[in-house]
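Colleague: Whatever this is, show me its structure:
(chains A and B)
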Amino acid sequence: DQQVKQNSPSLSVQEGRISILNCDYTNSMFDYFLWYKKYPAEGPTFLISISSIKDKNEDGRFTVFLNKSAKHLSLHIVPSQPGDSAVYFCAASSQGPLVFGKGTRLSVIA
Amino acid sequence: EPEVTQTPSHQVTQMGQEVILRCVPISNHLYFYWYRQILGQKVEFLVSFYNNEISEKSEIFDDQFSVERPDGSNFTLKIRSTKLEDSAMYFCASSREENSNQPQHFGDGTRLSIL
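Modeller: All right, here's what the predicted structure looks like:
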């Protein structure tokens, strides 16, 4: 049961470049999508979210894009910084409980 | 910035023993959640709690599990008779509302190790 899929387990990006993390979902009832960042030995930290009525939401260096017809969302980080190195989780919900992807480990190389 | 706090950070317990994991949600939040992450797997939803009762639970949350809000600040997860497969990171989360663009905020988790 993989309602939320992050197909890339890892991603390496040069400092200053753009990081693009992708997420696909199968449940068309999802109406709220979130990205979380997780460092080792810490809990997931909320980054940015988007409602299904929008196709883009921006917060500083982070932008989330939602393509409902493709059931796809992406997180863009620009410019990428070494401190962005972490595991990034995509999550989705319809009412309440979050359904998570497996995560993508981002490494930003100085 | 207010945060969700969880204690203990690591709990080691013998199989068959009861364990209680504790959480202090963010003070003005009304919805509370428990999730777990078995090593190498996804973060999975266990249970949500609102207005002093369970609002939703997953298949994982069987009769061995219970939740309680014993006072105005704590939110606990009890596992009555632990099994080896209960070994995981357990995360507590809270939110102001159940959706409506209000994200869930997570604690740093309790690592539960069952021997």
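Colleague: how close does B:Ser66 sit to chain A?
Modeller: 18 Å (C-beta to the nearest C-beta, to the nearest Å). Every residue, glycine included, has its C-beta placed from N, CA and C.
Colleague: Pull up the gap between that residue and B:Val19, please.
Modeller: 12 Å (C-beta to C-beta, to the nearest Å).
Colleague: A:Tyr88 too?
Modeller: From A:Tyr88 to B:Val19 the distance is 30 Å (C-beta to C-beta).
Colleague: same deal with A:Asp55?
Modeller: 44 Å.
Colleague: Which one of these two is surrounded by more residues?
Modeller: When A:Asp55 is set against B:Val19 and neighbours are counted by other C-beta atoms under 10 Å in any protein chain shown, the residue ahead is B:Val19, at 20 against 12.
Colleague: Just list the residues touching the more buried one, thanks.
Modeller: B:11, B:13, B:78-79, B:82, B:112 (C-beta atoms under 8 Å, 6 or more residues apart in numbering or on different chains).
Colleague: mind listing which of those are in helices?
Modeller: In helices, judged by DSSP state H, none of the contacts of B:Val19 are found.
Colleague: list the residues that contact both of B:Ser66 and B:Val19?
Modeller: Common neighbours of B:Ser66 and B:Val19 (criterion: C-beta under 8 Å, 6+ apart): B:Lys78.
Colleague: residue furthest from the geometric center of chain A?
Modeller: Ranked by distance from the centre of chain A (C-alpha atoms, centre = their mean), the top residue is A:Ala110, with 21.9 Å.
Colleague: For that residue, report the pLDDT, please.
Modeller: A:Ala110 is assigned a predicted lDDT (pLDDT) of 90.
Colleague: B:Pro8 versus that one, what's the distance?
Modeller: 36 Å.
Colleague: Please list the residues of chain B that sit near chain A.
Modeller: B:4, B:6, B:31, B:33, B:35, B:41-45, B:48, B:55-56, B:58, B:91, B:98-99, B:101, B:103-109 (C-beta under 8 Å from any C-beta of the partner chain).
Colleague: which of these are buried?
Modeller: Among these, the ones that count as buried by 16 or more other C-beta atoms under 10 Å in any protein chain shown are B:4, B:6, B:31, B:33, B:35, B:42-45, B:48, B:55-56, B:58, B:91, B:98, B:103-109.
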